[in-house]
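> when you get a sec, could you give me coordinates for this:
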Amino acid sequence: MPPHEIERIVEPFAEDLAQVERAMRAGIRSVAPLVPEIAEHTFASGGKRIRPLLVLLSARLCGYRGPRAVQIAMAAEYLHSASLLHDDVVDGAATRRGQPSANARFGERLAVLVGDFLYAITCRTLVEDGDQDILASFADTISAMAEGEVLQLQQSFDPEMSESMYLEVIGRKTSSLLATGCEAGAILGNVTRAERRALRSFGWELGLAFQLVDDALDYVGDGAELGKAPLTDLAEGKVTLPLLLTLKRCSVAERDYITSVLKTLTRCAETGDAPDRDEMAQVTECVKRWNGAETALQRADGRASAARVRIETFVDCEAKRALDALTYFVVRRRS
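As a prediction, the model looks like this:
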């Protein structure tokens with residue numbers, strides 16, 4: 001399924017998503033006018049609303065059509081937006097989906113504080129819903145996302161990072177929220193424990209596929225489509241699977257060169273100097289030569305296939321077909 005066909009997946013659920021959008025904006029009222037302004041800047045910067053969509057689709061799949069799905073979907077997007085605000089500050093990102101990041105436009109201190117505000121209203125939204133299982137799942141996810149960010153920072157510019165650690169990082173940072181959104185939908189539908197685990201696992205595998213594609217596109221994607229410059233992750237010190245695979249496959253001389261570039265990038269991050277684009281281009285050529293990004297995309301396809309297996313036992317319906325279609329969209333998108 002081509003990337004532009006995300007609209008076809010969403011179309012039957014457009015009114016539910018519109019309700020989520022309206023509720024999100026109604027929920028960010030504040031005595032501080034900059035709070036809704038910065039939050040709105042974050043909401044409006046694009047994004048495919050995959051997280052709230054997963055809540056809505058999972059709830060539908062499990063037979064729930066009530067208003068609580070909109071509230072939980074809103075909480076999922078609040079949490080995602082909060083994490084984006086904090087991540088951009090940590091990474092020193094100047095853009096987000098082709099637009100100035102909140103920290104670039106409003107300053108780092110305000111971006112952090114509004115991120116805190118969004119975390120707080122995520123919790124308030126979940127408390128108002130009142131389901132202890134959903135609240136506990138989201139609480140675990142907030143912890144996991146923070147731990148994933150810390151682990152990633154600890155491993156920055158480190159050529160010795162293991163694949164298992166990489167998967168731990170992206171599992172916590174990306175998969176955990178998608179898994180929780182799917183599980184929340186299952187809880188709303190009051191399905192069996194086995195079905196709840198299956199949907200959570202679906203979200204987890206989908207999240208891994210999503211992040212693997214993101215990390216591959218940093219090396220082979222088009223900047224205009226990505227909404228950010230290629231090699232942004234590399235410049236920020238994120239040692240992702242395409243580079244890890246390359247470091248395992250390449251010659252000793254190539255590994256030594258990549259290690260030296262990572263050391264240079266570390267100094268650039270500390271001093272604020274611009275990275276040497278020629279050096280980074282050499283690393284990219286090495287990644288291409290050893291099929292690092294191509295293999296990461298193949299791994300993503302495998303994770304998407306694993307996600308589809310997790311929902312095979314559910315009764316065929318519009319929501320199930322949409323979830324299935326999402327697995328194809330995630331691995332074929334280019335932004």
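> determine the longest helix present in the protein.
Assignment by DSSP state H gives helix 193-220 as the longest helix of the chain.
> return the set of buried residues in that one.
195-196, 198-220 (16 or more other CB atoms under 10 Å). For glycine as for every other residue, the C-beta is placed from the backbone atoms N, C-alpha and C.
> before we move on, what about stretch 284-294?
284, 286-287, 290, 292-294.
> all strands for the stretch 1-150 of the chain, in order.
95-96, 99-100 (DSSP state E, counting those that start in this stretch).
> what's the closest of those strands to G66?
strand 95-96 (33.3 Å; CB to CB).
> what lies in contact with the closest one?
42, 45-46, 84, 88, 101-102, 104, 227-229 (CB atoms under 8 Å, 6 or more residues apart in numbering).
> need the residues you listed in a markdown table (columns: distance to S143).
Below are the contacts of strand 95-96 laid out as a markdown table (distance: CB to CB, whole Å):
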| residue | distance to S143 |
| --- | --- |
| T42 | 22 |
| S45 | 26 |
| G46 | 27 |
| L84 | 18 |
| D88 | 20 |
| S101 | 25 |
| A102 | 23 |
| A104 | 28 |
| G227 | 29 |
| K228 | 28 |
| A229 | 32 |
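> so which of these is the most crowded?
A102 (27 neighbours; other CB atoms under 10 Å).
> returning to that earlier point: which of the strands of the stretch 1-150 of the chain is buried the deepest?
When the strands of the stretch 1-150 of the chain are scored by mean count of other CB atoms under 10 Å, the highest mean neighbour count falls to strand 95-96 (a mean of 20).
> give the rounded mean pLDDT of that strand.
What strand 95-96 shows for mean pLDDT is 85.
> with stretch 327-335 instead?
On average, stretch 327-335 scores 89.
> show me what counts as buried in it.
Within stretch 327-335, the residues scored as buried using 16+ other CB under 10 Å are 327-333, 335.
> go on, stretch 159-175?
Neighbour-count burial for stretch 159-175 [16+ other CB under 10 Å]: 159, 161, 165-175.
> same thing with stretch 75-88?
75-88.
> tabulate those in JSON lines, adding columns for distance to Q152 and pLDDT.
Formatted as JSON lines, the buried residues of stretch 75-88 follow (distance: CB to CB, whole Å; pLDDT from 0 to 100):
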{"residue": "A75", "distance to Q152": "24", "pLDDT": "98"}
{"residue": "A76", "distance to Q152": "21", "pLDDT": "98"}
{"residue": "E77", "distance to Q152": "22", "pLDDT": "97"}
{"residue": "Y78", "distance to Q152": "22", "pLDDT": "97"}
{"residue": "L79", "distance to Q152": "18", "pLDDT": "97"}
{"residue": "H80", "distance to Q152": "17", "pLDDT": "96"}
{"residue": "S81", "distance to Q152": "19", "pLDDT": "96"}
{"residue": "A82", "distance to Q152": "17", "pLDDT": "96"}
{"residue": "S83", "distance to Q152": "12", "pLDDT": "96"}
{"residue": "L84", "distance to Q152": "15", "pLDDT": "94"}
{"residue": "L85", "distance to Q152": "16", "pLDDT": "96"}
{"residue": "H86", "distance to Q152": "12", "pLDDT": "96"}
{"residue": "D87", "distance to Q152": "9", "pLDDT": "94"}
{"residue": "D88", "distance to Q152": "14", "pLDDT": "93"}
